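K.L.:
Provided below for reference: sequence and predicted model.
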Amino acid sequence: MKRLREFAYFEPADLDDAVEILSGAGQGGRALAGGTDLVVDMKTGRMRPTTVVNLKRIPGLEGVQPADGGSRIGALTKVAAIESSSLVRDGHRALAKAAGVLASPPVRGMATLGGNIGRASPASDLAPPLIVHRAVATIESRNGPRDEPVEGLFTGPGATTLATGDIITSIFLPDSPPRFGSAHLKIGTRGSGTDIAMVGVSAGVILDAAGGIVDARIVLASVAPTPMRALKAEQVLAGLAPSDEVLEAAAETAAGECQPITDLRASASHRVALVRVLTRRALIEAVDTARSGEAA
Amino acid sequence: MIELLLTVNGTPRTIEVEVRTTLLEVLREGLLLTGTKEACGVGECGSCMILLDGEPMPSCLVLAADADRCNVETVEGLASDGVLDEIQRAFVDTGAFQCGFCTPGMLVAAKALLRDHPDATPGEIKQGLSGVLCRCGSYTKIMKAFEVLTGRKT
Amino acid sequence: MTTHVGRRVPRVDAREKVTGTAVYGVDVRLPGMLHGATLRSPYPHARIISIDTKAAAAAPGVEVIVTGRGFPFIFGSAIKDQPFLAIDRVRYVGEPVVAIAARTEAQAQEAVDLLKVEYEVLPAVLDPLQALEVDAPLVHPDMHTYDRGPHEIVPNTNINTLWTFERGDVQAGFAAADLVVEDEFTAHALSHAALEPHVAVARYEAATGAYTVWVSTDRPFQLRGELTAALGIPSDKMRLIVANVGGSFGGKNTLIAESIAVALARYAGGAPVRVEFSREDDLVATQTRVPAIMKIKTGVTNDGILTARSADILWDSGAYTSNTVGVAIRGSSTIFGPYRIPDLALVARQVYTNRAITGSYRGYGTTQVTWACESQMDMIAARLEIDPVAFRIRNAYEEGDSYINEQIMHGVGLRESLERTSDEIGWGDVDRRPAPHLRRGKGIATMIKPTATPTSSNCVIKVEDDGRVSVLVAAPEIGSGQATVLAQMAADAVGVPIESVVIPPTDTAFSPFNGPVASSRTTYHVGNAIRMAGGDVREKILATAAEVLGFEPEILELVDGKIVVEGESVTTVAGLLGGFGFEGHSVTAEARFTTRGSPLLKAPPPYDWMSSIFWMFATHAVELEVDTETGVVRIIKVAAAQDVGRAINPMTCEQQIEGGVVMGISNALFEEFKGSGGRIENGSFAEYKLAAMPDLPEIIPIIVESDHSEAPFGAKGVGEPAAAATPPAIANALYDAVGIRITDLPLTAEKVLEAIAEAAARDGE
Ligand SMILES: Cc1cc2nc3c(=O)[nH]c(=O)nc-3n(C[C@H](O)[C@H](O)[C@H](O)COP(=O)(O)OP(=O)(O)OC[C@H]3O[C@@H](n4cnc5c(N)ncnc54)[C@H](O)[C@@H]3O)c2cc1C
Ligand code: FES
Ligand code: FES
């Protein structure tokens, strides 16, 4: 079996200590949450950290809590807990759905929200719905805590704006407005199961009382170096009634504005085709949930 | 080297390991519990599935240090005093294995699934066991085993 | 009358497997054991200029470093062409170059990083068509000087196997046809992906010069033969011991981890050396299914009677031949399908390329040729506008038909398999459009497979004085349930309860010879040997009973471990033999079964060697659903019928059939190697996807039982054909659903979507 290379290991029980150790370790330092990305990367050699800082002994970083104007999800909250949290399901359907299709149940029981953001995979299932839901990350650092919209965190495959020693502590999910609906869809190698996305689409819409689209967000996975907002497609929808034609036009625009690459999982042209289909389907689902007024 | 205290299948065990050791390595090589297997090393196949504080997890991705003071259950802990538990019994009766290499992980995942969903539907069974691969393709017979266990037609 | 045969006996290996106590190759641990790691070639073709091992030798824990020059032996079954470790030249990405044994596996892996090898990159042959080009680089320029079997090669080319076959006059056959179609199909490389990776533990004793190797293989005697031939040592100096095998599917039939472990052990000062492949190495650097490019031309009359077929097949053995020569010869001939076709012609060539080694894969070539044959059958049916099932039945072999070499075939349950699967799937009745973007369709495919003939199996049965019956056979349990069916047959042959039968693990030092556990031959061949030896043992026990108890032998029976006289039990085997006390009394018998000389094999030379002692037939009918917007295919139901002769254990037959269907679905829809420049880049289960539980359709296994006069209790074989018919049945159902025809495997969603778009564009024109 593939063996891990040596590293120094710390289990701080205190957030400041963790920040301190990670800062001291510099480029070779890595936070460990669920390990479902980090340990894999260490085995394949994609990453060879010299210092690993386990965050799981730090109290207060896990769980979903009601917060002022929304909910707060601890960075160490397991994907499985997000999937089943009623605070997430009510109002943040895309995120709950995404959590339900991320890997197999045992992996969901290990993987964390913070780790998913930290890994910054272009194929991430959680980043697109977080962006749809306008989530904001709270980050602890040597210079104290700061807030950053999740949307602005990603700078490239595996790269974020996080500096050495930065630790995501929680994610704030603002309450969804009335008549908001959202959806998350993805397709992987084995069809519509839980494989890493060849293409993933999260969509959210806010309708007005008359049923017209006030605002829409569409975020695509696996078609750009980072999770990508389909801004032009969003604009197509603004102010219009969500007819089949309008949703299809938005889907087509999304397909036109993404510029995926060909890699092991799919060709660029197949990805474009899937963006179109999944965007339309996600929008239909989002509009339906917005109309039904239930779990949005 | 670090010293770990693990409760494995009900028995407290102290063991000294290198920091870079995975829980799977501790089980197979340190404690000689070779029932738990490795077939991929990257969380995809479930051959290494164990229960960590009751939850199914691929032990190939768990750092041993991270499991310190935890409760670990492996396939070896399913039978008690040589009496097979109901899931093992059902796998035997329905022939839910061929080469048997995936079977330890499958049984452990099945145990957690059945505990959480005693009346699991066919869809829930397939999703619940989706993290364990069987190259021999014993899936149909595994569904049969669940038919016996849940008393529900799959 | 049988007591155990024919029943759904729970598997005899069940308890150890559900309790995690079963010992597999990967579980073998010996005191003082060292651990191996391997440096592999990064290039498809290169000359090794220098190897610098200094830094690695100084690394902590390192005990042995060995290179190809340090262990310069060559092995191979049909052609001796493969070094234990590359000697002077590497021929594929992943070829072992240097092996290291250290005290821990981590140390060995770290030391490998310290090795420095200088290469001179050579032009490489990266695909089989390029291999045929006149000025193609030669992968083995000295091939003609290698030790090899009697098959034909083409010296000074990359063609390592050439086989041609003709019957009748194929041109006349085409002339007699109303329709002649010609198509090309490709079947891709696949990983066997047995969940237990390749592993071996080897020990060498300098004092005696003897090796002991703990292996995970389906053919201990054949591997021993390859090793002793390569090293030039007698058989007693190479002992192979087999634990449980965690799946093989044909992949564990050559020296893979074994060769590296043996090379390291030679220099390990008596310490055992364990070599286990990581999944990445297992995927990219062991062996795969042999990829094939198949041109097939078929003539047919307007009434759907096949008149002629010619085929031109190009097989890619990769860098070394492994077991591919037999695949290219035996496998090729089944491209004629299970059909009566008067005029035939075949040219099969196999080439070396600078790619990972290929080898036999569940079906020994039949998965590839069945893909071509059965896809084309439906294409013809569509052209003639006749029903695919009726078309097949019209041409299908029946009992007593003659095979392409004129062997008269008996035990032909083909028609029944076609009829029962099509009934079960509800042929002709499809809910075509369950939703606007979903289409459904049904498809069928069938196949024929011979078993390796002639081969032999030996068996020794030993009855101890407590009534326990040891059946010594070299038939490792690779997962297909052979231990169970052999125990069932032994129990009936001797007349004892199945609980008293034990089948000890295979050890070439003690087990009698057997051919490989492959080609679905075990039940038939070993079963016959058991039946013979079991009958003998029973006679001997009864003779002893007659002597001890004073009865006429003729009136004694052995039933369920009891000596019975006129329906009354007078003693048990244990009572009888145990009665000898300290003097002791063990009863043994041995038998050798061979198929050579069977009247069933009669056929005129020169093709009499193509006769098979039994023929296997399998038909799969598939119902599926296509998402026309994404190309995603969902298999709804598969009815899979297989002619097994007689089911010794219906449960183990179903296991093989159901498992074969799952493998077939996985092969057809998901599995594919990706990469470029001879490099495989998806060496992980994260990117090489196998079918999982959510992909499981409803599978209806159908056991067809035909008669076979020489089979043990009537049983033929079941495991190998089980995966071959699924992919073409899926392709045919796709055609039924959306009118697309994909001729190159796999049928990924991407290809399906593309084909749907092309079809729509065509129809729009
Ligand atoms: C079999 C398998 C299937 C998978 N399938 C999917 C899938 O379908 N979709 C998907 O999106 N992902 C998938 N993943 C990837 C992975 O499970 C997720 O990305 C997961 O959310 C990572 O969380 P973790 O806690 O395990 O992260 P870790 O592995 O612990 O960490 C990942 C990275 O984030 C950093 N990090 C962790 N926590 C923090 C923090 N609080 N602050 C700052 N940095 C941090 C780490 O240093 C590391 O670089 C899969 C993984 C596996 C093994
Ligand atoms: S070995 Fe752990 S999931 Fe495969
Ligand atoms: S029984 Fe062989 S892998 Fe599942």
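P.N.:
Right, received. Where do you want to start? Numbers count the residues shown, from 1 in each chain, chains lettered A, B, ... in the order given. Ligands and ions are numbered 1, 2, ... in the order given.
K.L.:
domains of chain A?
P.N.:
Domains of chain A are assigned by automatic domain parsing as A:8-54, A:180-292.
K.L.:
deepest of those, which one?
P.N.:
Comparing the domains of chain A by mean neighbour count (mean count of other C-beta atoms under 10 Å in any protein chain shown), domain A:180-292 comes out on top with a mean of 22. (Each C-beta comes from the backbone N, C-alpha and C, glycine too.)
K.L.:
any idea of the mean pLDDT in that domain?
P.N.:
The average pLDDT within domain A:180-292 is 96.
K.L.:
Same question for stretch C:520-533.
P.N.:
Mean pLDDT, computed over stretch C:520-533, is 97.
K.L.:
Kindly report the same for stretch C:539-552.
P.N.:
96.
K.L.:
what's the answer for stretch C:696-705, then?
P.N.:
Averaged across stretch C:696-705, the pLDDT comes to 97.
K.L.:
Stretch C:63-80 too?
P.N.:
97.
K.L.:
wait, doesn't C:Asp316 sit right on C:Pro128?
P.N.:
Yes - between C:Asp316 and C:Pro128 there is a contact under C-beta atoms under 8 Å: 4.1 Å.
K.L.:
quick one, what contacts C:His198?
P.N.:
By C-beta atoms under 8 Å, 6 or more residues apart in numbering or on different chains, C:His198 lies in contact with C:216, C:251-252, C:256-257, C:276-277, C:281-282, C:286.
K.L.:
Those into a markdown table, with extra columns for secondary structure and neighbour count?
P.N.:
Output for the contacts of C:His198, formatted as a markdown table (DSSP: H, G, I helix; E, B strand; the rest coil; neighbours: other C-beta atoms under 10 Å in any protein chain shown):
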| residue | secondary structure | neighbour count |
| --- | --- | --- |
| C:Ser216 | coil | 30 |
| C:Gly251 | coil | 25 |
| C:Lys252 | coil | 33 |
| C:Ile256 | coil | 29 |
| C:Ala257 | helix | 29 |
| C:Glu276 | strand | 23 |
| C:Phe277 | coil | 22 |
| C:Asp281 | helix | 21 |
| C:Asp282 | helix | 25 |
| C:Thr286 | coil | 24 |
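K.L.:
of these, list those near chain A.
P.N.:
C:Glu276 (C-beta under 8 Å from any C-beta of the partner chain).
K.L.:
can you give me the strands in the stretch 1-150 of chain A?
P.N.:
Taking DSSP state E, counting those that start in this stretch as the criterion, the stretch 1-150 of chain A carries its strands at A:8-10, A:29-32, A:51-54, A:64-67, A:70-74, A:136-140, A:146-149.
K.L.:
For the second one, which strands pair with it and how are they oriented?
P.N.:
Taking DSSP bridges as the criterion, strand A:29-32 pairs within the sheet with strand A:51-54 (parallel).
K.L.:
just the shortest one next, same as before
P.N.:
Counting by DSSP bridges, the strands paired with strand A:8-10 are strand A:51-54 (parallel).
K.L.:
can you pull the contacts of whichever residue of chain C sits closest to ligand 2?
P.N.:
Per C-beta to the nearest ligand atom, C:Phe685 is where chain C lies closest to ligand 2, at 6.9 Å. Contacts for C:Phe685 (C-beta under 8 Å, 6+ apart) come out as B:39-40, B:42, B:44-45, B:133, C:279.
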